[in-house]
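S.K.: model this:
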Amino acid sequence: MMDRDQHYFRRIMHVLEVNYTADLSLEQLCLEMSLSATSINRILKSRTGLTFTLALREIRIRKACAYLRQTPLTVQEIAEMTGFRNARYFIHIFKERMEVTPGQYRRWLVMKAH
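M.R.: A predicted model of the protein is given here:
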């Protein structure tokens, strides 16, 4: 039988996966899940090692990598499609997580393919 935290974890991750493009806040998630911010962060941290903010950011970066790999969309378009406030912030967060800019990442993918 699945424990309660596992059940909530799956629901939390589902909400994050479905709503990563939106301006989703921890407060909104708390209302949807009928859980406190502390509980949500505890459940996420125990399963992923990440807080709400970092878990959502991780999903957005993963989706951005897929767009960079699979589409000719601009960095600006990808930033908008993955829920980032603006392209500058997206590039900053992407570089912090991936250690290269989105443009460098795309060029690396092209070089790797040849």
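S.K.: average pLDDT for the helix ranked longest in the chain?
M.R.: In the chain, taking DSSP state H as the definition, the longest helix is helix 52-70. Averaged over helix 52-70, pLDDT sits at 97.
S.K.: which one is residue 35 nearest to, not counting chain neighbours?
M.R.: What sits nearest to residue 35 in space, not counting adjacent residues and going by Cβ to Cβ, 6 or more residues apart in numbering, is residue 8, at 6.6 Å. For glycine as for every other residue, the C-beta is placed from the backbone atoms N, C-alpha and C.
S.K.: Correction: the previous question concerned residue 60.
M.R.: residue 82 (4.5 Å).
S.K.: Let me see the backbone angles for that neighbour.
M.R.: phi -110, psi 10 (degrees, to the nearest 10).
S.K.: Might one say that it is in contact with residue 67?
M.R.: Yes: here residue 82 reaches residue 67: they are 7.1 Å apart, a contact under Cβ atoms under 8 Å.
S.K.: Pick out whichever of these two has more residues nearby.
M.R.: Neighbour count, other Cβ atoms under 10 Å: between residue 82 and residue 67, residue 82 has more, with 22 against 18.
S.K.: How about the contacts made by the more buried one?
M.R.: 20-21, 60-61, 63-64, 67, 90 (Cβ atoms under 8 Å, 6 or more residues apart in numbering).
S.K.: Distance to residue 13 for the residues you listed - can I get that in a markdown table?
M.R.: Shown next, in a markdown table, are the contacts of residue 82 (distance: Cβ to Cβ, whole Å):
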| residue | distance to residue 13 |
| --- | --- |
| 20 | 11 |
| 21 | 16 |
| 60 | 14 |
| 61 | 15 |
| 63 | 14 |
| 64 | 18 |
| 67 | 20 |
| 90 | 22 |
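S.K.: Most neighbours among those residues, which one is it?
M.R.: If you rank the contacts of residue 82 by neighbour count (other Cβ under 10 Å), residue 64 sits at the top with 26 neighbours.
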